[in-house]
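In: Could you look at this predicted model? Sequence included:
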Amino acid sequence: MAPVRIATRRSALARWQASLVGERLGRYELVEVHTAGDRDQASSLAEIGGQGVFVKEVQAAVVRGEADIAVHSAKDLPTAAGPLLLAAVLERADARDAIVGARLEELAIGARVGTSAPRRAAQLRLLRPDLEVVSIRGNIATRLGRVGELDAIVMAVAALERLGLEEPPWWPLPEEVLCPQAGQGAIAVECAPDADGLIERLRSLDDDRSRREIEAERAVLAAFGTGCALPLGARAHADGSSLRLRAVAVDPDGTRQLEVEREGVDPATLGATVAEVLRRLGADALVGARP
C-alpha cells in the first residue's frame with residue numbers, strides 16, 4: 001500500500017501532529033506547506049486574512065492532488081464549510097491555556113504578558129486590569145524566546161505538552177479563569193469528500209466524544225461568523241450522550257464579560273442555542289461582531 005501523503009504546516013507542532021496521525025495510519029510521508037500565517041509573523045492574523053490563514057493552503061495541497069489528507073489544529077479550522085471533509089477528530093488533549101514564565105497571581109502590577117489571541121488578551125485584562133497585555137506573533141520557539149523580555153506569555157497546554165517543553169516553567173490556567181478557544185487541544189484530519197476508502201481508514205482515528213465537543217464549540221463561533229479573531233471562548237464537556245457547553249464573550253478592553261452555560265444532546269443545536277443567548281445579552285456589540 002502506498003504511503004499516505006499528509007499535508008501539514010512546517011512548524012514543529014504541526015509536524016508532530018501530522019506524524020502522530022501518520023503513525024496511526026501506517027506508512028506516510030509529510031507534504032510541508034508554508035502558509036500565509038507562517039510567512040507573515042509581524043502582522044496580526046486579522047490583517048493577513050483572519051480565519052484560515054494556517055489552513056487554506058494546507059487544504060489546497062489536497063485539492064490539487066499533492067496530498068491525500070490535511071492535518072490541522074482544530075482551533076485553526078474556519079467555521080464555514082471548506083473544500084474538504086472533516087474525516088476524523090483525534091482524542092482531545094488538554095484544552096486549557098497555560099501561563100509561561102510566572103504564575104498569574106505572582107505577576108507584579110504593570111507586568112507585561114504576551115499573547116497573539118484576542119480571546120486571551122481580553123480575558124487577561126478582565127482578570128488583571130493592572131497588567132500590560134502585549135501582542136506577540138511567531139512560532140512556539142520564537143514566543144518562548146520572548147519570556148524574559150516579557151514577564152510571561154500565554155500558550156496552549158496541548159502545544160507545550162506535545163513538544164515536551166518544560167522550560168521556561170509554565171502553569172495551566174483553569175477553564176473557569178481563561179475559557180479556551182473552540183477546538184483547542186484537538187487534532188483535525190480532512191480529506192476529499194469523495195475519497196471513500198480513505199474516509200473509512202480515517203474513521204478508526206475518530207474520537208466521538210472529542211468530535212461532539214468541538215462541534216458544539218465551533219457552532220458558537222459559526223453563529224458569530226468568526227474563528228479566533230474575536231474575544232470569544234467556548235468549551236464543551238461530553239458525558240455519555242449529554243453535553244455541557246460554556247461560552248464567554250469579552251469586551252476587548254476587559255471591562256465586561258458575558259457568560260452562558262447550557263446542557264443538551266445535539267452539538268450543533270446546543271452551540272447555536274448558547275450563541276443565541278449570548279447575542280440576546282449583547283455579545284455582538286461587546287466583541288465587535290457583525291450581526
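Out: Done, it's in.
In: Give me the sheet partners of the helix or strand encompassing residue 72 and which way each runs.
Out: Residue 72 is located in strand 69-73, with elements delineated by DSSP states H and E. If you go by DSSP bridges, strand 69-73 pairs up with strand 4-9 (parallel), strand 187-191 (antiparallel).
In: Can you give the contact residues for it?
Out: 4-8, 13-14, 17-18, 21, 54-55, 58-59, 61-62, 84, 87, 183-184, 186-191, 198, 202 (C-beta atoms under 8 Å, 6 or more residues apart in numbering). All C-beta atoms are positioned from the backbone trio N, CA, C, and that covers glycine.
In: and the next element down the chain from that strand?
Out: Past strand 69-73, further along toward the C-terminus, the next helix or strand under DSSP H and E is strand 85-89.
In: What about the spatially closest residue to residue 133 that is not a sequence neighbour, how many residues nearby?
Out: Leaving aside its chain neighbours, residue 133 sits nearest to residue 121 (4.7 Å; criterion: C-beta to C-beta, 6 or more residues apart in numbering). Number of residues near residue 121 (other C-beta atoms under 10 Å) recorded here: 22.
In: Let me know the pLDDT of residue 121.
Out: At residue 121 the predicted local confidence, pLDDT, stands at 97.
In: where are the low-confidence patches of the stretch 151-291 of the chain?
Out: For the stretch 151-291 of the chain, the stretches with pLDDT under 70 are 226-228, 289-291.
In: Would you mind putting the CA coordinates of stretch 115-123 into PDB?
Out: Output of stretch 115-123 as PDB, limited to C-alpha atoms (Å, rounded to 0.1, in the frame of the first residue of the first chain):
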ATOM      1  CA  THR A 115      -0.300  36.700  23.500                       C
ATOM      2  CA  SER A 116      -1.500  36.800  19.900                       C
ATOM      3  CA  ALA A 117      -5.100  35.800  20.700                       C
ATOM      4  CA  PRO A 118      -7.800  38.500  21.200                       C
ATOM      5  CA  ARG A 119      -9.700  35.900  23.400                       C
ATOM      6  CA  ARG A 120      -6.700  35.500  25.800                       C
ATOM      7  CA  ALA A 121      -5.900  39.200  25.800                       C
ATOM      8  CA  ALA A 122      -9.400  40.300  26.700                       C
ATOM      9  CA  GLN A 123      -9.800  37.700  29.500                       C
END
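In: now the helices for the stretch 101-250 of the chain?
Out: With DSSP state H, counting those that start in this stretch, the ranges of helices along the stretch 101-250 of the chain come out as 118-127, 140-144, 157-162, 196-203, 208-224.
In: now for the first one, which elements pack on it?
Out: Helices and strands touching helix 118-127, as assessed by 3 or more C-beta pairs under 8 Å, 6 or more residues apart in numbering; DSSP states H and E, comprise strand 112-115, strand 132-135, strand 232-239, strand 242-250, strand 257-264.
In: Pull up the pairing partners for the longest one, direction included.
Out: Okay, so that is strand 242-250. Strand pairing for strand 242-250, using DSSP bridges, gives strand 232-239 (antiparallel), strand 257-264 (antiparallel).
In: what comes up buried for that strand?
Out: If you call a residue buried by 16 or more other C-beta atoms under 10 Å, then strand 242-250 has these buried ones: 243-250.
In: quick check, nearest of the residues you listed to residue 116?
Out: The shortest gap between residue 116 and any of the buried residues of strand 242-250 belongs to residue 250, at 15.9 Å (C-beta to C-beta).
In: Please name the nearest non-neighbouring residue to the closest one.
Out: Leaving out its chain neighbours, the residue that sits closest to residue 250 by C-beta to C-beta, 6+ apart is residue 122, at 3.8 Å.
In: Not counting residues beside it along the chain, what's closest to residue 281?
Out: Distances taken as C-beta to C-beta, 6+ apart place residue 258 nearest to residue 281, at 4.9 Å, with adjacent residues excluded.
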